[in-house]
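A.B. asks: below: sequence and its predicted model.
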Number of protein chains: 2
Amino acid sequence: MPRETKIPLPTLERLATCYRYLTDIESRNVETISSSAIETATGIHAAQFRKDLSYFGVFGRPGIGYDVDDLKRRIAGILKVENEQPVILVGAGNLGSALVGFFGLPQHNFHIVAVFDNNPRKIGQTLWDLQVQDVGRLSETNAQLGARIGIIAGPAVAAQNITDVLVDAGIRVILNFAPTTIRVPDGVGVRNVCFIQELAVLSYYLSKLPEPNVG
Amino acid sequence: MPRETKIPLPTLERLATCYRYLTDIESRNVETISSSAIETATGIHAAQFRKDLSYFGVFGRPGIGYDVDDLKRRIAGILKVENEQPVILVGAGNLGSALVGFFGLPQHNFHIVAVFDNNPRKIGQTLWDLQVQDVGRLSETNAQLGARIGIIAGPAVAAQNITDVLVDAGIRVILNFAPTTIRVPDGVGVRNVCFIQELAVLSYYLSKLPEPNVG
């Protein structure tokens, strides 16, 4: 991520974590939440979280906490996720299919509007309600769609080519699931989701646990 | 993650990010790497990274940097990812299928050894080379397998039930892909991968970009 982003990345990540949690509890009809309850659920330290929010002029009420609906709306405003945003996806395999299904959920404002692949056996097939298109037509298609968010769900060997195609087509931020490092020009943002990396962190934690009692 | 973990979580995350990057460049036959080249590729600040490594007595050579193979081995030793570890997965949908394929790659030491689902239409089907088993038999099966790492790739509504089954079966760390918060007893570690959260961070970044020139 570029250094000129005004809010520190860890603050953004905490707000995004909290946003997810608020969406979750809102669906269970929870009306107010304290920062310590948020800490228990998400691992975000309460004092840190209050500090993050105070930066945006958002304060809880002592002894009560935050109104869930209001807090969610405020964080959505900070993260700019209040409005629907079109997303294009490259890679129509199992992961791509899972992502299309996932982002089809009505509670999210990210909508995958087009899916691309370079495999002739996949092009023309239907993924949920979208027809898989030839990646060679991505730029042309996105000239109509105007998406600025792209997702790479292809294999590592294809990731750089896909990146170049996305950037050429006007994509400005990329969520990369391919287990490789992609290079982007200045001004294009990337986040990598790497399953191995997540398991590596858990692996360290596992190594520090006491062995279970035997016998 | 529990607070008694000795290495700060951000350090672990940086090491895991770097580990992934080293795996990546090793396959391209890169032999040495400087901390500033690591910064360019991964976004981890060079000074921070050198500090992280010096904590473990790992130092680069001035003007040369780190030997890729050695650095990878040292980080693998810190994260405890040198040896093969069995992993069990619950949820045999598209995401589960993508994960089984992904962790089937030979360069990783995490191997999914069993897949479970509660859907009678999925139980008995083959996912890559694994037969999907009834989640009701998870505890019994894991008594044989001895896995301590579990992955949840089921829907949000099922996630807490799956968590309880995994914990009962001796799983001590969980990678959760369900878009909901799961509750675990003390001493069980969780990491959440949330696609929405990742897009929310990118969405903020996108909102700060200058509009492209028009006309």
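C.D. replies: Yes, it's here. Numbers count the residues shown, from 1 in each chain, chains lettered A, B, ... in the order given.
A.B. asks: close to chain B, is the strand ranked longest in chain A?
C.D. replies: When chain A is scanned for its longest strand (criterion: DSSP state E), the result is strand A:110-117. Yes: on the criterion Cβ under 8 Å from any Cβ of the partner chain, strand A:110-117 is in touch with chain B at residue A:110. To be clear about C-beta, it is placed using only N, CA and C from the backbone, and glycine gets the same treatment.
A.B. asks: adjacent strands (with direction) for that strand?
C.D. replies: Applying DSSP bridges, strand A:110-117 is found paired with strand A:85-90 (parallel), strand A:130-134 (parallel).
A.B. asks: got the buried residues for the longest one?
C.D. replies: Spelled out, it's strand A:85-90. By 16 or more other Cβ atoms under 10 Å in any protein chain shown, the buried positions in strand A:85-90 come out as A:85, A:87, A:88, A:89, A:90.
A.B. asks: output the below-cut-off pLDDT ranges for chain A.
C.D. replies: Across chain A, the ranges flagged by pLDDT under 70 are A:1-5, A:104-107, A:211-215.
A.B. asks: okay, the angle between the top helix by length along it and helix B:9-26?
C.D. replies: When chain A is parsed with DSSP state H, its longest helix is helix A:9-26. Using axes from the mean of the first three to the mean of the last three Cα atoms, to 10 degrees, the interaxial angle of helix A:9-26 with respect to helix B:9-26 works out to 110 degrees.
A.B. asks: please identify the buried residues of helix A:9-26?
C.D. replies: Across helix A:9-26, burial judged by 16+ other Cβ under 10 Å covers A:11-26.
A.B. asks: just give me the closest of these to residue A:201.
C.D. replies: residue A:13 (14.4 Å; Cβ to Cβ).
A.B. asks: shouldn't that closest one be in contact with residue B:201?
C.D. replies: Yes: between residue A:13 and residue B:201 there is a contact at 6.2 Å, judged by Cβ atoms under 8 Å.
A.B. asks: what's the neighbour count on residue A:134?
C.D. replies: Around residue A:134 there are 16 other residues, counting by other Cβ atoms under 10 Å in any protein chain shown.
A.B. asks: can you tell me the closest non-neighbouring residue to it?
C.D. replies: Leaving aside its chain neighbours, residue A:134 sits nearest to residue A:123 (5.0 Å; criterion: Cβ to Cβ, 6 or more residues apart in numbering or on different chains).
A.B. asks: the one you found - how many residues pack around it?
C.D. replies: Residues near residue A:123, counting by other Cβ under 10 Å: 18.
A.B. asks: and it, what does it touch?
C.D. replies: A:117, A:132, A:133, A:134 (Cβ atoms under 8 Å, 6 or more residues apart in numbering or on different chains).
A.B. asks: ditto for residue A:188
C.D. replies: Residue A:188 is in contact with A:167, A:171, A:172, A:173, A:174, counting by Cβ under 8 Å, 6+ apart.
A.B. asks: residue boundaries of the strands in chain A?
C.D. replies: Under DSSP E, chain A gives strands at A:32-33, A:66-67, A:85-90, A:110-117, A:126-127, A:130-134, A:149-152, A:173-176, A:189-192.
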